[in-house]
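[1] With the input below, show me the fold.
(one chain, ligands or ions: 3)
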Amino acid sequence: MGSRSIRSRHSAAAAALVFSVAISFSPAHAADAPTASFGIVEDPFRRISDTFQTLSGFGRGADLLFADNFEQFGDPFSCTLLNWSSSVGLTDLDAGTPPGNRRYSGPCGLRVQGGADRYLTTFLPSLEPSLVVRFYFFPQLFTAPALIYSADDDGINQIELWYNLLGVDTLSLRVFDTSKSPFDLTASNIAPDRWYSVEITWAAGSPADIRLEVVGDTAQVITEPVETTGLLIEAQNLGLINGLTVGGGIDFDAFESRRVLPIGRLLVGDVLGDGLYGAQDLVKLVNELDGDLALGQPDCNEDGVIDQSDFFCVLDIIANQPNPFGSP
Ligand SMILES: [Ca+2]
Ligand SMILES: [Ca+2]
Ligand SMILES: [Ca+2]
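    Numbering: from 1, shown residues only. Ligands and ions are numbered 1, 2, ... in the order given. Below you'll find the predicted structure:
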């Protein structure tokens, strides 16, 4: 969406909050400052599932198939591809922190540069008759068709997600019916240089409702009934899968897949990553600007950089809550 002017829109009341927050939170910031975020040991199950960060994700652990935020918490902290089954053309060095990498949630994100096949693969625990997948991506400027996600049945792809397949700035979910005919669900106006979330809902059925949800500055939801009886999914791939030879690349983060239940977007501007809005989100954003990378979602305006405009974005959200600073 570019850098919208949040400062110019916020109210006098919000401006007063800026002042009070800056004053009252400086001791907490000072206390936090010596501790690098990389040294924090998080509950691994919380971070692996991201359950606490989803808008409606409580109690869904049994439905989880795989999740990766590209972070390995512990001592030492690292950005990693370790959770994936295999990789082509990518190493741990492709997962990283800003400014080398963009990330949407937590300190690390995955950057996949164009020029060759570069992708990750995760195998499901068993052949699955349904699949929900959600991840975030940040396209850089290029116009060639790029296959950025696929899921196969150990033989052929049943699900493909293409950027620029049916025209520049389109995102197409291509699925196949039982006679191997393709069906395309296409979102448009997918601009480079901002984060998008995508959620794909697939199932075997007669027919099954296949669903694509893409959210950037607007939300696009497309559904299509497709005859998929008896089809199964065994593996998922993420990256640049089809040998894209042009320049450019894509950043990825917050990949999660489940059997059935909707995943939803991470809470925008929840800098702390606790699933709530509160004063600590502003504290953590100030710390982030000081180099202490946040564990939640600090890029409130989703433009790929963390700066002052994100502070005012979070402040606007909090100030517009019924009880602005009532949450921890
Ligand atoms: Ca991450
Ligand atoms: Ca929060
Ligand atoms: Ca930003």
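[2] And for the residue positioned nearest the centre of the chain, nearest residue in space, chain neighbours not counted?
    Centroid check for the chain by C-alpha atoms, centre = their mean gives residue 136 as the closest residue, at 2.9 Å. Leaving out its chain neighbours, the residue that sits closest to residue 136 by C-beta to C-beta, 6 or more residues apart in numbering is residue 104, at 4.2 Å. From N, CA and C alone the C-beta is placed, and that goes for glycine too.
[3] now do residue 289
    In space, residue 289 is closest to residue 306, 6.8 Å off (C-beta to C-beta, 6+ apart).
[4] OK, contacts around that neighbour?
    98, 285, 288, 289, 294, 298, 299 (C-beta atoms under 8 Å, 6 or more residues apart in numbering).
[5] Just read off the phi/psi values of the closest residue to residue 211 other than its chain neighbours.
    Among residues not flanking residue 211 along the chain, residue 201 sits closest, at 3.9 Å (C-beta to C-beta, 6+ apart). Per-residue torsions, residue 201: phi -120, psi 120 (degrees, to the nearest 10).
[6] Please tell me how far residue 201 sits from ligand 2.
    Using C-beta to the ion, to the nearest Å, one gets 27 Å for the distance from residue 201 to ligand 2.
[7] circling back: and the contacts of residue 306 as TSV, adding pLDDT and distance to residue 263?
    Shown next, in TSV, are those (pLDDT from 0 to 100; distance: C-beta to C-beta, whole Å):
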residue	pLDDT	distance to residue 263
98	95	25
285	98	25
288	97	25
289	97	29
294	97	21
298	98	21
299	98	19
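[8] Can I get the buried part of these as one PyMOL selection?
    Buried subset of the contacts of residue 306, written as a PyMOL selection, criterion 16 or more other C-beta atoms under 10 Å:
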select buried, resi 98+285+288+294+298+299
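[9] of all the contacts of residue 306, which two lie farthest apart?
    Greatest spatial distance among those (C-beta to C-beta): 98 and 285, at 13.6 Å.
[10] So which bits of the chain are right by ligand 1?
    With C-beta under 5 Å from the ion as the criterion, the chain comes near ligand 1 at residues 69, 70, 103, 105, 106, 108, 253.
[11] and which of those residues is nearest ligand 3?
    Closest approach between the residues of the chain next to ligand 1 and ligand 3, by C-beta to the ion: residue 103, at 11.7 Å.
[12] need the contact list for that closest one.
    Listed by C-beta under 8 Å, 6+ apart, the contact set of residue 103 reads 70, 97, 109, 251, 253.
[13] Over to residue 239?
    Taking C-beta under 8 Å, 6+ apart, one finds 88, 89, 90, 110, 112, 118, 119, 120, 148, 250, 252 in contact with residue 239.
[14] What backbone torsions are found at it?
    phi 140, psi -140.
[15] nearest residue to it other than its sequence neighbours?
    residue 119 (2.9 Å).
[16] Repeat that for residue 110.
    Leaving aside its sequence neighbours, residue 110 sits nearest to residue 252 (C-beta to C-beta, 6+ apart; 4.5 Å).
[17] correct me, but the one you found touches residue 238?
    Yes: with contacts counted by C-beta atoms under 8 Å, residue 252 reaches residue 238, the gap being 6.2 Å.
[18] How about the stretch 101-250 of the chain: which residue is closest to ligand 1?
    residue 106 (3.7 Å).
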